[in-house]
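Visitor: Next comes the sequence, and after it the predicted model I'd like to discuss.
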Amino acid sequence: QASGLEGKQITFVSTNFVLPRSKTVALKEPKTFPKEQRRVFRAPDLREILRVFTELTNKQRYWVQVTLNSPKNANVISPHQRQVRYASSYQHCNAYSKDNYEDFGVLGSPVITSGRHYWEVDVSEKRAWILGICDENCKNIMKLPLELGNYGNGNCQNVYSLYKPKNGNCGNGKNVYSRYQPTNGYWVIGLKQGSVYNAFLDLEILTLSLGVSPHRVGVFLDYEACSVLFLNVTNHGFPIYKFSSCSFPQKIVPYFNPMNCDAPMTVCSPSC
C-alpha cells in the first residue's frame, strides 16, 4: 500500500471545530379565539360508519329494477325509462291556478304488493326534487277541496306545492300544509331551494338536518313491516328518514317528481 501512495500529495484538514446542530428561535405566542367562536371537532366514528355501510349492503341485496312509466304530463322520460326531466313550460305554473289538483310527478314500476324492495336515485345535479312511494291510484284520490295557497304570485321555481284547506281548519297550528301526505297515499321526502330537505308528514312538513347532502338516495321498502327508509348513499348509507307503521294500500309504486328543476333525476342500476 505504501508503494501506491508514492508521488501523491496528501492534505490533512483540521477538525478542531464542530458544526452547529441547533438553532435558537423565538416562539410566537399562540393565537387564541374567543370562546363563542370555538368549535369542537369530532373525528368520524369508523365503527359507526362500518356498521351503517354493512346495513346498506344488506339492503342492497333486495335491489329491484325500477323503470319510469310514461307520464300524463309534459315531463320528458328517457328512451331507457330510467331518467326524468322537468319540461319547462307555462302549463306547469298555470296548472296551479286551478282548483283541481294536478300532479307533475311520474310513477314507476314494478307495482309492489309484498316483500322487500330497494332502489337508488341519482339527484346530484338537482336543486329540487321529491321521491319515495305512493298509492298506485294516487291520481284518483287527490281531487281534494283545496284552494291555492302558495302560487298566487306565479313563482313556482324550486318550491313545493303548498295548499290550505278552504274551511281554514289547519291542523297542528299550521296555516299551510302539503298534498304529499301519507293519508293521501304519499310517503316521500324532498329537496327545495338547493339545501332544504324535508319529510312530508300528515300534519306538517318536517325539516331534516343532514350533515352531508345526498347526491344519491336509497329507498328501502319493507311492505310487511309497514315501513319505508330513505338512505344517504353518498354518506355511507346513513339514514335520512324512516316512515314507520305505514298503512299501505294494496298496491304501491315508486314515485318521482323532478319539480321545477331542469336537471335530471335518474334511477340507478346496481352496477352504476
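Guide: Nice, I can see it.

Visitor: Next up, the contacts around residue 116.
Guide: Applying Cβ atoms under 8 Å, 6 or more residues apart in numbering, we find residue 116 in contact with 62, 220, 221, 222, 223. No exception for glycine: its C-beta is placed from N, CA and C like everyone else's.

Visitor: Let's see if you can find the most crowded of those residues.
Guide: Neighbour counts for these (other Cβ atoms under 10 Å) peak at residue 221, which has 26 neighbours.

Visitor: Can you verify that residue is assigned to a strand?
Guide: Yes. Counting by DSSP: H, G, I helix; E, B strand; the rest coil, residue 221 is part of a strand.

Visitor: For it, name its beta-bridge partners.
Guide: residue 117, residue 228 (DSSP bridges).

Visitor: from memory it sits against residue 118, does it?
Guide: Yes. Assessed by Cβ atoms under 8 Å, residue 221 is found in contact with residue 118 at 7.4 Å.

Visitor: can you pull the pLDDT of residue 28?
Guide: Listed pLDDT for residue 28 reads 81.

Visitor: Could you tell me the phi and psi values at it?
Guide: Main-chain dihedrals, residue 28, degrees, to the nearest 10: phi -80, psi 150.

Visitor: Pass me the low-pLDDT residue ranges in the stretch 51-200 of the chain, would you?
Guide: Applying pLDDT under 70 to the stretch 51-200 of the chain picks out residues 72-74, 88-103, 139-178.

Visitor: who touches whichever strand or helix holds residue 253?
Guide: Secondary structure from DSSP states H and E places residue 253 in strand 252-257. Around strand 252-257, the neighbours that count as contacts under Cβ under 8 Å, 6+ apart are 66, 68, 84, 103-113, 119, 121, 129-136, 138, 186, 188, 190, 219, 221, 223, 265, 267.

Visitor: Just the buried residues from these, in ChimeraX please.
Guide: Only the buried members of these enter the following ChimeraX selection, criterion being 16 or more other Cβ atoms under 10 Å:
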select :66,68,84,103,104,105,106,107,108,112,119,121,129,130,131,132,133,134,135,136,138,186,188,190,219,221,223,265,267
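
Visitor: In strands only, show me the contacts of strand 252-257.
Guide: Judged by DSSP state E, these include 68, 84, 106-109, 119, 121, 129-135, 186, 188, 190, 219, 221, 265, 267 as members of strands.

Visitor: Residue 237 contacts residue 52, correct?
Guide: Yes. With contact defined as Cβ under 8 Å, residue 237 reaches residue 52; the gap is 5.1 Å.

Visitor: okay, the two: which has more neighbours?
Guide: residue 237 (22 against 17).
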